[in-house]
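Asks: Generate a structure from the sequence data that follows.
(one chain, ligands or ions: 1)
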Amino acid sequence: MSVQLEPPLRVMSLHALAYCERLFYLEEVEEIRVADDAVYAGRTLHEELRQAEEERGEWTSVDLASETLGLVGKTDCLRRRDGSLIPYEHKRGRPRREGKRLLAWPSDALQVSAYAMLLEKRLGRPVPEGRIRYHAENATVRVPLDDAARQAVLDAVARARALRASTERPPIAENDRLCLRCSLAPVCLPEEERLVTHPRWEPVRMFSAERETTTLHVVTPGAKVSRSQDQLMVTQPEGSSEKLPVHDVGAVVLHGFSQMTTQALHLCARQEIPVHWISGGGYYVAGLAAKAGQVQRRLRQYQALADPGVCLRLARRLAMAKVETTLRYLLRATRGTDREATGVARAVEVIRESLGKMSRSEGVMTVRGHEGMAARAYFDVLPQLLRPEVSPEMHPEGRNRRPPRDRFNSLLSFGYALLYQNVHQAILGVGLEPALGFFHTPRSAAQPLVLDLMELFRMPLWDMPLVGSVNRLQWDTEADFEVAPGRVWLSASGRKKAIQLFENRLNDTWRHPAIGYSLSYARLVELEVRLLEKEWTGRPGLFAQMRLR
Ligand code: SF4
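Replies: This is a model prediction of the structure:
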């Protein structure tokens, strides 16, 4: 019988299925789990009940499984009532009301019915009902295990199996109130998707605006990250050390020749904390991220990006977003200056022409060509954005790299390496494949999708704060740089200042023009990756709509 060949379903997953098919899919198939306050409160309730009932000798939670039903689960507890053993479930909330009648919510009823059926199999005799205790109302609701309840469980198992076999993520719930209480809303982004079909929709923000963790940058050569129980300990070469609880760390970035022990790497891998290496010269070397359950997400990405039409549409939108932002920044930064005399007027003209041409381009390569023209025009006049007081040594000579040959370009390259690390991390966190993009082609060790998405953020996350810092004369042309024939790198003090500038920028908040709410730039990177995924998993249209105002 095919039922026995498939891995069993958790009874809890049927609860998710009855709540929202997409929730079931995200949790059970894509293995995305987010523990929010409600989830923690539910766990606390169960733990408190377990302790109280264990003290009274009444806690009788049992593991149940049936190959015939294809289910496994663990009841909250079993009680003997009217001569029968019946499963009890505990819920924090309130029951459903119909007039004066108190009823179980369909997802709760399905769950307790599944436990009752499993218990029947285990005991070999009928179990007449299950009961649900709703603690917010101190009420117990009885759920008879009648034919309809049994059929509901069998239908749910069949539907769950069909969804598990599919790579298609089910659509968002029609009832938007379900999403308000859903722990996966920050991953699913249902409100943002409703915006595509209802442009006047005012999305309820369910995507956190702030970073909840920090990035640990280890800059000093010879500094070492090790493990001290559930903390990461950074020891400096002279012996001083600092400990950070692992839950406060969102990522570790090892610069140059800083070190990390295997034990600390294991801890990070287990806690799904990415670790990145950036060379002393400011190049992104590699990243490590442990994540499971991504195959469906990657399959959908491969399918979508194998279509040249999809790639062209995305490439055009991405390049237009970048170049329009560049144009607006250039106009804003040179307001009140003589643009004709400085050459900015000509650069603006070239950028406008490029925009017009790329909007009509029929191939990704052509879009890239026009985007490249606009980028060259911008870099040619970049020195015009610097104030007269800025030392000539801080002026860029066009864009040069590998290695950078002037101070400004060494700062640009270093900031882009930090940006690469952030975008790479967001892509892996969302579960996409960084090696498969739609705009850049694989040429170097850099991952194409990371380079693609970086285009959205180069200007707001690094060029703009960097130009601001240069104009505020924040850089020491001697102490912050290591100048050698043919190359300029940042010194340790320069790297520290650049990291600070970048991290501060990540914490700045910005109102997304398409989504309509404010969020930190750090969160914006993840949001755009999620919106990109929606291009092929949900409603397309929101990715790369961000523009500088
Ligand atoms: S946020 Fe809404 S649509 Fe998304 S999984 Fe949760 S309930 Fe379903």
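
Asks: Could you measure from Leu531 over to Ala251?
Replies: 21 Å (CB to CB, to the nearest Å). (Each C-beta comes from the backbone N, C-alpha and C, glycine too.)

Asks: These two: which is more packed in?
Replies: The residue with more neighbours, out of Leu531 and Ala251 and counting by other CB atoms under 10 Å, is Leu531; that gives 24 against 21.

Asks: Please, which helix or strand holds that one?
Replies: Here Leu531, judged by DSSP states H and E, is contained in helix 521-534.

Asks: cool, Leu265 as well?
Replies: Using DSSP H and E, Leu265 falls in helix 262-270.

Asks: Trp475 against Arg495, yeah?
Replies: No - using CB atoms under 8 Å, Trp475 is not in contact with Arg495; the gap is 11.9 Å.

Asks: right, and the helix or strand after the helix holding Leu265?
Replies: Counting by DSSP H and E, the next helix or strand C-terminal to helix 262-270 is strand 275-278.

Asks: Now do that following strand, average pLDDT.
Replies: Strand 275-278 shows a mean pLDDT of 89.

Asks: how about the residues of the stretch 101-250 of the chain near the ligand?
Replies: Contact residues, the stretch 101-250 of the chain versus the ligand (CB under 6 Å from any ligand atom): Ile172, Ala173, Leu178, Cys179, Cys182, Leu184, Ala185, Cys188, Pro190.

Asks: ok, the closest residue to Leu64 other than its chain neighbours - contacts?
Replies: In space, and not counting its chain neighbours, Leu64 is closest to Leu118: 3.8 Å by CB to CB, 6 or more residues apart in numbering. For Leu118, the contacting residues are Val11, Leu64, Ala65, Ser66, Leu69, Leu71, Gly73, by CB atoms under 8 Å, 6 or more residues apart in numbering.

Asks: how about the helices in the stretch 301-450 of the chain?
Replies: Counting by DSSP state H, counting those that start in this stretch, the stretch 301-450 of the chain has helices at residues 308-333, 339-342, 344-360, 364-381, 407-430, 448-457.

Asks: relative to helix 521-534, how tilted is the first one?
Replies: Just to be clear, that refers to helix 308-333. Note on geometry: by axes from the mean of the first three to the mean of the last three CA atoms, to 10 degrees, helix 308-333 and helix 521-534 are set 150 degrees apart in direction.

Asks: name the helices or strands packed onto helix 308-333?
Replies: helix 344-360, helix 364-381, helix 448-457 (3 or more CB pairs under 8 Å, 6 or more residues apart in numbering; DSSP states H and E).

Asks: Does the residue of the stretch 401-549 of the chain found nearest the ligand belong to a helix, a strand or coil?
Replies: The ligand sits closest to Gly538 of the stretch 401-549 of the chain, with a gap of 9.7 Å, by CB to the nearest ligand atom. Of the three states, Gly538 takes coil according to DSSP: H, G, I helix; E, B strand; the rest coil.

Asks: so what's the residue nearest to Val381 when sequence neighbours are not counted up against?
Replies: Distance criterion CB to CB, 6+ apart; nearest residue to Val381, sequence neighbours excluded, is Ala347 at 4.4 Å. Neighbour list for Ala347: Leu330, Ala377, Tyr378, Asp380, Val381 [criterion: CB under 8 Å, 6+ apart].

Asks: Nice, that's everything, thank you.
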